[in-house]
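A.B. asks: Sequence and predicted structure are below.
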Amino acid sequence: MDKLISDVINSNSQYWIQKRNTHVINVYDDFKVRDALKVLASNKILSVPVIERATGDYLGFIDMNDILHSIIDAFLTNNSQQDGHDWVRLCHDVSEGEKFANQPVSVLINQSKKDFFIPVDESGSIHQLIDEIFSKGIHRVIVVGEDAKTKGIISQTDILEFILENRDEIKGADFEKPIGELKDLVEKDVITINAEVMTIQCYYVMMKHSKQSIALTGKHSEIIGNLSITDLRGLEPESFELLLSPAIDFWNKTNSKSKICVVPSSTPFKEIINTLYKNRLHRLWLSSEEEGGCYGTVTIGNIMKYFSRDQHEIIRRNSLSSSSGSLNLNSSSSSTTTKKPLTPVKICPIVEEK
């Protein structure tokens, strides 16, 4: 894990060559919300960087999570809740509302308060990136060089690829263990909801409880779907009324029915990582063979925390006498010198939570 970020993003592996050759879609800060939504929908993406037109600096990211939070927050602020939530009116207002659609897109940056904009120095290590950034819930970062120029974007999914590619060299990780035995990786504080509940209501429950997803259950409490922000990919203002349909119907329209979302708690950790990466998923729900129903969930965020914690423990156990063939937490020189902070200073503006 001591490889430098710059070495990884500039490597000659097919994955990174393809990523470098992929055009980064972005929007400018003077775009309207309606324009940004069209960019997200037409490209079937969930997030997009926002660039200040005057300077060319990155201001942050907006994603469907920010948009959903902005819509629901505004609705709850402007409408009395004495008679419950009028979701039909909300979806109609969003579909027709000019006020929301004509806002500058910059006002939506990190409305969800879940994905802060943090530019990082390319000279930092992969472990620093996991430990200081991704284990804290940040999903993606802009990488900058000493010249303050952007070198690329790296995400939690890219780290999964790195782990899979270097798995044989990462010593001490419990790749062969069943995921159910790795208690630190399994999140038990999960929310399930009847699959027939209105989709927008499910999203409200997720937002209220600060969750990124909610398990949809059938008649016998079995998990039959997984509603998350990802399912909003491709949704335009004109089609927000789809959120009034039952959650299972909405989920089926936006997902391949063959896509894996539930695996047994006996599944080996390495297969969990591989399944998340290959299917471009953010989480997997775990079923209990003994008890039935939902055992818990494992997310990419949980995996980031595991490798942050686990690598510290590996170093404590093995110290610097580890074999040279393994990927240690830090290079040998870093044990005797002060580690350079990963986040660069005065590179470009950071959007702070207000």
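C.D. replies: Structure's in. What do you need?

A.B. asks: what comes up buried for stretch 147-158?
C.D. replies: Judged by neighbour count (16 or more other C-beta atoms under 10 Å), stretch 147-158 contains these buried residues: Thr150, Lys151, Gly152, Ile153, Ile154, Ser155, Gln156, Thr157, Asp158. Every residue, glycine included, has its C-beta placed from N, CA and C.

A.B. asks: So which residues make contact with that stretch?
C.D. replies: Stretch 147-158 has contacts (C-beta atoms under 8 Å, 6 or more residues apart in numbering) with 5-6, 8-9, 19-20, 24, 49, 58, 122, 129, 134, 139-145, 277, 280, 300-301, 304, 344, 347-348.

A.B. asks: Filter the residues you listed down to the buried ones.
C.D. replies: 5-6, 8-9, 19, 49, 58, 122, 129, 134, 139-144, 277, 300-301, 304, 344, 347-348.

A.B. asks: What about those residues, which are in strands?
C.D. replies: Among those, the ones falling in strands (DSSP state E) are Pro49, Tyr58, Arg140, Val141, Ile142, Val143, Val144.

A.B. asks: Leaving out the residues flanking it, which one is nearest to Ala41?
C.D. replies: Glu236 (4.6 Å; C-beta to C-beta, 6 or more residues apart in numbering).

A.B. asks: need the contact list for that neighbour.
C.D. replies: Contacts of Glu236 (C-beta under 8 Å, 6+ apart): Leu37, Lys38, Ala41.

A.B. asks: Model confidence at it, what's the number?
C.D. replies: Per-residue confidence (pLDDT) for Glu236: 74.

A.B. asks: repeat for Ser13
C.D. replies: 92.

A.B. asks: quick one: it and Leu164 touch, right?
C.D. replies: No - assessed by C-beta atoms under 8 Å, Ser13 is found out of contact with Leu164, at 11.4 Å.

A.B. asks: of those two, who's got more company?
C.D. replies: More crowded of Ser13 and Leu164, by other C-beta atoms under 10 Å: Leu164, with 16 against 12.

A.B. asks: how big is the angle separating the strand or helix carrying that one from strand 140-144?
C.D. replies: Assigned by DSSP states H and E, Leu164 falls within helix 156-165. Going by axes from the mean of the first three to the mean of the last three C-alpha atoms, to 10 degrees, helix 156-165 is angled at 80 degrees with respect to strand 140-144.

A.B. asks: rounded to a whole number, what's the mean pLDDT of helix 156-165?
C.D. replies: 94.

A.B. asks: other SSEs contacting whichever helix or strand comes after that helix?
C.D. replies: Per DSSP H and E, the first helix or strand lying C-terminal to helix 156-165 is strand 192-194. Packing contacts for strand 192-194, counted by 3 or more C-beta pairs under 8 Å, 6 or more residues apart in numbering; DSSP states H and E, involve strand 213-217.

A.B. asks: What are the contacting residues of the very next helix or strand once past the strand it packs on?
C.D. replies: Using DSSP H and E, the helix or strand that follows strand 213-217 towards the C-terminus is strand 223-228. Strand 223-228 is contacted from outside by 192, 195, 199, 202-203, 206, 212-218, 247-248, 250-252, 255, 261-262, 282-283, 285, 287, 293-294, using C-beta under 8 Å, 6+ apart.

A.B. asks: let's see 7 Å
C.D. replies: For strand 223-228, the surrounding residues in contact (C-beta atoms under 7 Å, 6 or more residues apart in numbering) are 195, 202, 212-218, 247-248, 251, 261-262, 282, 285, 287, 294.

A.B. asks: List only buried entries from those.
C.D. replies: 195, 202, 212-217, 247-248, 251, 261-262, 282, 285, 287, 294.

A.B. asks: number of nearby residues for Trp16?
C.D. replies: Neighbours around Trp16, by other C-beta under 10 Å: 19.

A.B. asks: same thing with the one 5 residues further on?
C.D. replies: Counted with other C-beta under 10 Å, the neighbours of Asn21 add up to 7.

A.B. asks: Model confidence score at Val48, please.
C.D. replies: 89.

A.B. asks: which ones are touching it?
C.D. replies: Contacts of Val48 (C-beta under 7 Å, 6+ apart): Ile25, Asn26, Val27, Ala36, Val39, Leu40, Phe61, Ile62.

A.B. asks: out of those, which is most surrounded?
C.D. replies: Neighbour counts for the contacts of Val48 peak at Ile62, which has 30 neighbours (criterion: other C-beta under 10 Å).

A.B. asks: so where's the stretch 51-200 of the chain uncertain?
C.D. replies: 74-75, 77-87, 89-98, 115 (pLDDT under 70).

A.B. asks: Without its sequence neighbours, what residue ends up closest to Ser266?
C.D. replies: Of all residues not flanking Ser266 in the chain, Pro178 sits nearest, at 4.6 Å (C-beta to C-beta, 6+ apart).
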